[in-house]
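Asks: Pasting the sequence and the predicted coordinates here, then a few questions.
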Amino acid sequence: MISLIAFLLVALAGPLYKYGIVELGTAFAGFKFGVYTGIAALVLFALQVILKRKTITIGSAVIAVVCSAIAIIVPISMMSKAKDVPPIHDISTDLVNPPSFVAIAPLRADAPNPVEYAGIEVAEQQREAYPELKTLTYSQSQPELVKATEQAINNLGWELVNTDADKGIIEATDTTVWFGFKDDVVVRVTDNGSERLVDIRSKSRVGGSDLGKNAARIHALMDELDGVLNK
């Protein structure tokens with residue numbers, strides 16, 4: 001029973017926040033108490049094994065261990081990930097002149113994280129953590145790249161918010177499954193002589209650290225765009 005409570009404290013934290021039932025701080029508190037409860041459940045289970053072994057069934061043992069393990073491992077793995085990445089939430093392939101949000105800007109009006117780029121401090125942290133994220137170059141025309149980017153975004157299941165073919169701007173929003181966090185993406189396609197430059201920026205609306213999600217999202221879009229162009 002205790003192991004099930006531990007599991008629910010962790011598993012329901014996301015949906016309860018996603019549907020506006022609890023605040024984010026309360027949801028994360030559920031994570032913390034889920035870990036404590038999971039540890040307590042394992043300790044009690046171990047005592048039961050030692051003192052009342054005959055009363056334990058295989059089914060109850062499996063449920064107790066699995067539920068407790070999930071309640072402990074998931075939050076701890078997230079905390080470990082947070083230590084491995086910088087505490088930033090705005091990632092761009094162009095750190096000098098990041099693409100600007102246009103149509104998405106008013107959608108972020110009430111978001112804790114402002115639409116503006118945070119500046120040199122964030123850029124330095126990103127450069128150290130994700131040195132591979134740089135401006136992409138293509139030989140295709142701007143219209144071809146805009147169309148391919150739209151297709152890549154649709155393939156990834158993101159919400160296409162805006163396309164300005166004349167300016168080479170594409171904007172989209174990716175909503176995470178568990179917590180329903182909305183992270184915004186803007187792609188900028190510009191001419192540079194005989195080649196086109198493609199820059200991608202991904203920014204979270206909520207949270208200090210993104211646990212590496214925005215960098216992973218840019219990588220995903222890069223891979224999907226290459227896949228579309230190489231068909």
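Replies: That came through, no problem. Because the structure is a prediction, the values reported are computed rather than measured.
Asks: For residue 38, which non-adjacent residue is spatially closest?
Replies: Of all residues not flanking residue 38 in the chain, residue 71 sits nearest, at 3.4 Å (Cβ to Cβ, 6 or more residues apart in numbering). From N, CA and C alone the C-beta is placed, and that goes for glycine too.
Asks: do residue 118 as well
Replies: residue 90 (5.7 Å).
Asks: Can you read off the pLDDT for the one you found?
Replies: Note on residue 90: pLDDT of 98.
Asks: swap in residue 35?
Replies: 94.
Asks: Please report phi then psi for it.
Replies: phi -60, psi -50 (degrees, to the nearest 10).
Asks: That one - how many residues pack around it?
Replies: 21 (other Cβ atoms under 10 Å).
Asks: ok, now residue 115?
Replies: Residue 115, neighbours per other Cβ under 10 Å, totals 18.
Asks: Wait, a strand at it?
Replies: No. Looking at residue 115 with DSSP: H, G, I helix; E, B strand; the rest coil, it is coil, so not inside a strand.
Asks: which stretches of this structure form helices?
Replies: All helices of the chain, identified by DSSP state H, fall at 2-11, 13-18, 24-51, 58-84, 120-129, 142-156, 213-229.
Asks: now for the second one, which elements pack on it?
Replies: In terms of contact count using 3 or more Cβ pairs under 8 Å, 6 or more residues apart in numbering; DSSP states H and E, helix 13-18 is assigned the packing partners helix 24-51.
Asks: Give me the angle between the helix it packs on and helix 2-11.
Replies: 160 degrees (axes from the mean of the first three to the mean of the last three Cα atoms, to 10 degrees).
Asks: What angle do helix 58-84 and helix 24-51 make with each other?
Replies: Inter-element angle recorded for helix 24-51 and helix 58-84: 140 degrees (by the same axes, to 10 degrees).
Asks: thinking again about what came up before, would you turn the helices of the chain into TSV with distance to residue 175?
Replies: Below are the helices of the chain laid out as TSV (distance: least, Cβ to Cβ, whole Å):
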stretch	distance to residue 175
helix 2-11	19
helix 13-18	9
helix 24-51	15
helix 58-84	18
helix 120-129	23
helix 142-156	12
helix 213-229	12
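Asks: Which of those sits closest to residue 166?
Replies: Closest of the helices of the chain to residue 166 is helix 142-156, at 9.1 Å (criterion: Cβ to Cβ).
Asks: picking up where we left off before, out of the helices of the chain, nearest to residue 188?
Replies: Across those, residue 188 has its closest neighbour in helix 142-156 (9.9 Å, Cβ to Cβ).
Asks: Give me the contacts around the closest one.
Replies: The contact list for helix 142-156 (Cβ atoms under 8 Å, 6 or more residues apart in numbering) reads 138, 140, 160, 163, 165, 168, 170, 172, 174, 185, 187, 189-191, 196, 198, 220-221, 224-225, 227-229.
Asks: tell me how far that helix is from the chain's mean position?
Replies: 21 Å (Cα atoms, centre = their mean, to the nearest Å).
Asks: close enough to count as contact, residue 10 and residue 68?
Replies: No. Under the criterion of Cβ atoms under 8 Å, residue 10 is not in contact with residue 68, lying 10.4 Å apart.
Asks: what touches both of those two?
Replies: Common neighbours of residue 10 and residue 68, using Cβ under 8 Å, 6+ apart, are residue 38.
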